[in-house]
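Undergrad: Predicted model and sequence below, questions to follow.
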Amino acid sequence: MEQLKLKGQSAIITGADSGIGKGVALAMAAAGAKITVNYAHNGDAAQELVDEIKASGGEAIAVQADVSKEHDVQNMFSKHLDAFGYLDILVNNAGLQKDAAFVDMTLEDWNTVIDVNLTGQFLCSREAAKLFIKQGIREGVSRAAGKIICMSSVHEVIPWAGHVNYAASKGGISLFMKSVAQELAPHKIRVTGIGPGAIQTPINKDAWETPEALNKLLTLIPYKRIGKTEDIGLLATWLASDEADYITGTTIFIDGGMTLYPGFVDNG
């Protein structure tokens with residue numbers, strides 16, 4: 001049997017009630033981690049995931065929190081500690097889109113996306129960092145005092161017309177992650193990013209639901225398949241494990257080659 005990479009550890013995963021967050025929660029639970037499934041609105045889906053993890057022999061709780069609100073974030077961390085006593089991993093996954101043409105984008109559209117996608121990562125990472133510094137290294141459990149994974153996107157480097165707020169939030173995550181990694185490395189806290197490409201989730205259902213839409217999407221993916229949430233879950237689990245102990249301050253793109261700019265394959 002494969003050794004459980006995250007045995008004895010616990011994780012908070014934001015926006016874990018569906019999509020990529022759910023995939024990460026399932027993978028980390030399977031690797032032995034105790035999981036806080038954070039959700040903003042869909043409590044039923046979060047509880048279903050908790051039940052699924054428990055049915056497989058894992059431990060999990062569901063906690064409602066809007067990651068853009070400081071009090072909610074602090075309350076979530078408090079509930080996690082009440083349940084599990086310690087924290088080893090934070091996965092900043094919560095995110096959303098409010099798409100519009102740039103000239104039609106409202107201030108509310110802009111602020112909502114920046115508040116959740118970027119400020120939410122700041123608030124959660126700050127709470128986690130304080131806790132990791134206080135806890136120190138848990139000998140025999142992890143070589144690091146804590147691990148923070150910032151879920152980004154290929155759009156931290158690829159411009160995306162019609163999605164200016166989203167792309168700006170992901171570009172912000174890139175330098176947020178690197179700057180925090182630089183500051184926290186002396187505390188033996190690792191901070192990394194994951195940059196998914198096209199992943200089959202409810203947020204982008206229109207892009208893969210029909211054969212026509214999927215074929216159009218695949219023109220952007222040299223590897224010629226859409227990603228699965230399990231792909232991201234496996235990468236996040238590995239990044240949080242001691243096997244990745246010397247990795248900090250970088251984003252790993254998991255995109256089937258989307259960042260290779262496939263439009264230039266025939267010289268553009």
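TA: Perfect, I can see it now. Residues are numbered from 1 along each chain as shown.
Undergrad: right, and Ile173 touches Gly193 too?
TA: Yes. Proximity of Ile173 to Gly193 meets the contact threshold set by Cβ atoms under 8 Å, at 6.7 Å. Backbone N, C-alpha and C define where each C-beta goes, glycine included.
Undergrad: Mutual contacts of those two, please.
TA: Shared contacts of Ile173 and Gly193, defined by Cβ atoms under 8 Å, 6 or more residues apart in numbering, comprise Cys150, Met151, Ser152, Glu156.
Undergrad: Can you flag the buried ones in those residues?
TA: The neighbour count (16 or more other Cβ atoms under 10 Å) marks Cys150, Met151, Ser152, Glu156 as buried among the shared contacts of Ile173 and Gly193.
Undergrad: shouldn't the first one be in contact with Val191?
TA: Read it as Cys150. Yes. Counting by Cβ under 8 Å, Val191 is a contact partner of Cys150 at 7.0 Å.
Undergrad: what's the pLDDT at Thr201?
TA: On pLDDT, Thr201 comes in at 88.
Undergrad: Regarding it, what are the backbone dihedral angles?
TA: Per-residue torsions, Thr201: phi -140, psi 170 (degrees, to the nearest 10).
Undergrad: Quickly find the element holding Glu209.
TA: Under the criterion DSSP states H and E, no helix or strand holds Glu209.
Undergrad: count of neighbours near it?
TA: 11 (other Cβ atoms under 10 Å).
Undergrad: can you give me phi and psi for it?
TA: The phi/psi pair for Glu209 (degrees, to the nearest 10) is phi -70, psi -40.
Undergrad: Check Ser56 too.
TA: Phi and psi for Ser56, reported as degrees, to the nearest 10, are phi -90, psi 10.
Undergrad: Surely it and Ala30 touch.
TA: Yes. Counting by Cβ under 8 Å, Ser56 touches Ala30, with 7.0 Å between them.
Undergrad: These two: who's more crowded?
TA: In this view Ser56 and Ala30 are compared by other Cβ under 10 Å, and Ala30 has more residues nearby, 19 against 11.
Undergrad: what residues are up against that one?
TA: Ser56, Gly58, Thr237.
Undergrad: now it: how far from Gln200?
TA: Separation of Ala30 from Gln200 (Cβ to Cβ, to the nearest Å): 20 Å.
Undergrad: Same question for Gly15.
TA: Applying Cβ to Cβ, the value for Gly15 to Gln200 is 16 Å.
Undergrad: Looking at those two, which one has more neighbours?
TA: Gly15 (27 against 19).
Undergrad: I'd guessed that one sits against Met76; true?
TA: No. Assessed by Cβ under 8 Å, Gly15 is found out of contact with Met76, at 11.8 Å.
Undergrad: who touches both of the two?
TA: With Cβ under 8 Å, 6+ apart as the test, Gly15 and Met76 both reach Asn38.
Undergrad: Glu212: helix or strand, and which one exactly?
TA: Since the elements are taken from DSSP H and E, Glu212 ends up inside helix 211-218.
Undergrad: residue ranges for the strands of the stretch 151-268 of the chain, please.
TA: Ranges of strands within the stretch 151-268 of the chain are 189-196, 251-254, based on DSSP state E, counting those that start in this stretch.
Undergrad: Strand partners (parallel or antiparallel) of the longest one?
TA: Sheet pairing here is set by DSSP bridges, and for strand 189-196 it gives strand 146-151 (parallel), strand 251-254 (parallel).
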